[in-house]
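>>> got a predicted structure here, sequence first:
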Number of protein chains: 6
Amino acid sequence: MRLPRLFTPRTVVSAHCDLPCGVYDPAQARIEAESIKAICEKYQANDDPEFRTRALLIKEQRAELVKHHLWVLWTDYFKAPHFEKYPQLHGLFNEATKLAGASGAKGSADPEVADRLLAKINEIAEIFWETKQA
Amino acid sequence: MRLPRLFTPRTVVSAHCDLPCGVYDPAQARIEAESIKAICEKYQANDDPEFRTRALLIKEQRAELVKHHLWVLWTDYFKAPHFEKYPQLHGLFNEATKLAGASGAKGSADPEVADRLLAKINEIAEIFWETKQA
Amino acid sequence: MRLPRLFTPRTVVSAHCDLPCGVYDPAQARIEAESIKAICEKYQANDDPEFRTRALLIKEQRAELVKHHLWVLWTDYFKAPHFEKYPQLHGLFNEATKLAGASGAKGSADPEVADRLLAKINEIAEIFWETKQA
Amino acid sequence: MRLPRLFTPRTVVSAHCDLPCGVYDPAQARIEAESIKAICEKYQANDDPEFRTRALLIKEQRAELVKHHLWVLWTDYFKAPHFEKYPQLHGLFNEATKLAGASGAKGSADPEVADRLLAKINEIAEIFWETKQA
Amino acid sequence: MRLPRLFTPRTVVSAHCDLPCGVYDPAQARIEAESIKAICEKYQANDDPEFRTRALLIKEQRAELVKHHLWVLWTDYFKAPHFEKYPQLHGLFNEATKLAGASGAKGSADPEVADRLLAKINEIAEIFWETKQA
Amino acid sequence: MRLPRLFTPRTVVSAHCDLPCGVYDPAQARIEAESIKAICEKYQANDDPEFRTRALLIKEQRAELVKHHLWVLWTDYFKAPHFEKYPQLHGLFNEATKLAGASGAKGSADPEVADRLLAKINEIAEIFWETKQA
């Protein structure tokens, strides 16, 4: 399976604040989603109630960060011409953020749900890197 | 004693956390946008540099809250059938959150920009309340 | 097309940041308290431990927001003449914020406790709207 | 080796989270107010515009923390019997939090305003420690 | 009337924002750690699951604050000459913040772990106050 | 000049929350520092006072994030054996976080200061990736 461009050497730049500084990077959402997956795996392997409570509350925070980083990309990085060229983009972001929410990674401790979230983030990342090369 | 309209039964609805509790209300975004407009008006009327710095930093926070409240509605409240029925909805939210950002209310202290943001939020609110009555 | 009551001219008012922008609205506290009530109801109807942990942690955040919005009204909106005219106001706010805390909505998942919090917020809202009409 | 006074048995007390853990300490508000005073003094002594912008935004955050720590004491630590014994307490907290806000330390970079805030916090602290000794 | 020791001239010091205002005080970390200890004790004495969930999530927040306050001291207050004079200082801070994290107060509800954290904070505080007297 | 390992294909993993999930990635600090550099460049090229105020306040937030991400690596990822093998590590982190603070990227809008911060983060990243391969 081909690695998304995200991990190739050229991925140096990126930017993301709302000055805007112009630096955006889907890695921010991906790192949090990787964290969610690891939390789910540890949760399934450990039934100590204190550990599980901590796992759920930290997963909730990480999932909120995934949503935030994706929303920032959707609103701040992508512009009208991108949405024209990639008509599926609105739907992708809506589904990805839903997958990070109550009906996805917040509401479930199943690593497979985290995998679906990661796959959706990768779909977005591929489009992102295509637009950076244009 | 007469209850203000705000508290009459029909405006009770709304809900918004990601349990989800099921309570959503576009008033949350609107109140922050009203605040932005008032800040812009005070900014234009006062050229004390300390006041202006404070106005800009508070406006930045309020605009971030507008974005957040709108993103929550877009991801957490609206579902696939809504997006089918209102095909303009994705675009509306994208424009509204951009209008709260660097190319809108964050980047400008012009009350007219805040008015455009408020108008866009009202467009969203009308659709929101239609879906609640369905 | 009919505008929902929420957006009719008379409910426009309110304001709340500490510039101050002059926009305050008890709806901010009420929406969070409605959320708490809905969370409590869902909590009582669902004994899945993962769901219950999430419900408690989200309720905790919502209750903190109720406290914050009420504190802002008490400190930033209400002035000395209001406290003279409504001598019960200090006590009302202190009880309402306590009802959102450990001895109230934070410490209990009983919807009836959320109802008592909502009733207290409504008492404050009635006074608030009286002062806006004066 | 001599322990600094800070760590002698009698200053152990205090408590402040909303479990509640039972640990409250007016030092939290006081430290932030000391910070505000130091910021004001540095602001007056330095007219570099970059420094002044940073000073104002940090002062804004510190003043928000003062308000928060005081609100917590007022709602979470003080109980009905305290308000009966110290009828001035509601007013003191309302004035102190106003002094940390737009009409006080947020709205002014005058060290003398910070001094008034510190004095008000000390008045509250004296009552606080009296109630701990009772 | 006698002022509590807390407010005597010599404990005025401290400073902590990153202007920098110059005000630092290890009491900020210590108060949060005292809170953690009290939470652990209440946790051990109460096996109501709702209470225990709340205790764990509040403990998590308090432990994060301990880490933050310690990191600020380590980066912002202590300078190169301090690290030369106290070569153990880097290690102390690293151990103290670890003791507030997953392998310490976050990962355990044992009051004895909180005590070890408090002892480590006191070691840091002693060095801190020595440097203030120099 | 050789690219730090950070950008080679193998850099997939990483982890960072305090469960701990085991996912850490110096890219989080680097992205914020890239943002700071871009902000500084835009600041120097634009003397509109509103833009400059926004740039300074956003830079302040980004620099705080750099500090936070570095502190997390230092406390949560690196363990005693790492500090033994890399005795310069404590100093590197202390200098890097200072370079993100008042005496560095917070206190200066010079892109060259941001470059020094980026170089220091890269030094840390190289050690980080060496330890991941061990």
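It's in.

>>> in this structure residue A:128 contacts residue A:77, no?
Yes. Using C-beta atoms under 8 Å, residue A:128 is in contact with residue A:77, at 7.3 Å. Every residue, glycine included, has its C-beta placed from N, CA and C.

>>> comparing those two, which residue is more hemmed in?
residue A:128 (23 against 20; other C-beta atoms under 10 Å in any protein chain shown).

>>> quick one: contacts for the more buried one?
The contact partners of residue A:128, by C-beta atoms under 8 Å, 6 or more residues apart in numbering or on different chains, come to A:24, A:26, A:73, A:77.

>>> does any bit of stretch A:87-105 sit next to chain F?
No. Counting by C-beta under 8 Å from any C-beta of the partner chain, chain F is not contacted by stretch A:87-105; separation bottoms out at 12.7 Å.

>>> can that stretch be said to contact chain B?
Yes. Residues of stretch A:87-105 contacting chain B under C-beta under 8 Å from any C-beta: A:90, A:91, A:94, A:97, A:98, A:101, A:102.

>>> distance from the chain centre to that stretch, please.
Distance, stretch centre to chain centre, for stretch A:87-105: 9 Å (C-alpha atoms, centre = their mean, to the nearest Å).

>>> how about residues contacting it?
A:33, A:36, A:40, A:59, A:63-64, A:66-67, A:70-71, A:73-74, A:78, A:82-83, A:106-107, A:113-114, A:116-117, A:120-121, A:123-124, A:127, B:18-20, B:71, B:74-76, B:78, B:83, B:90-91, B:94.

>>> about what we covered before: tell me the two of the contacts of residue A:128 that are most distant?
A:26 and A:77 (9.2 Å; C-beta to C-beta).

>>> stretch A:46-58: which residues count as buried?
A:50, A:51, A:52, A:53, A:54, A:55, A:56, A:57, A:58 (16 or more other C-beta atoms under 10 Å in any protein chain shown).

>>> ignore the last one, stretch A:103-121
A:104-111, A:113-114, A:116-118, A:120-121.

>>> orientation of the helix or strand hosting residue A:98 relative to helix B:89-99 in degrees?
Using DSSP states H and E, residue A:98 sits within helix A:89-100. Interaxial angle of helix A:89-100 relative to helix B:89-99 (axes from the mean of the first three to the mean of the last three C-alpha atoms, to 10 degrees): 80 degrees.

>>> just want the angle from the helix or strand that comes right after helix A:89-100 to helix A:89-100.
As assigned by DSSP H and E, the chain's next helix or strand after helix A:89-100 is helix A:111-133. Counting by the same axes, to 10 degrees, helix A:111-133 lies at 150 degrees to helix A:89-100.

>>> can you list the residues of chain A near chain C?
Counting by C-beta under 8 Å from any C-beta, chain A sits next to chain C at A:52, A:53, A:56, A:57, A:60, A:106, A:107, A:109.

>>> among those, which pair sits farthest apart?
A:53 and A:107 (16.0 Å).

>>> which residue is nearest the centroid of chain A?
If you average the C-alpha coordinates of chain A and look for the closest C-alpha using C-alpha atoms, centre = their mean, you land on residue A:29, 3.5 Å from that point.
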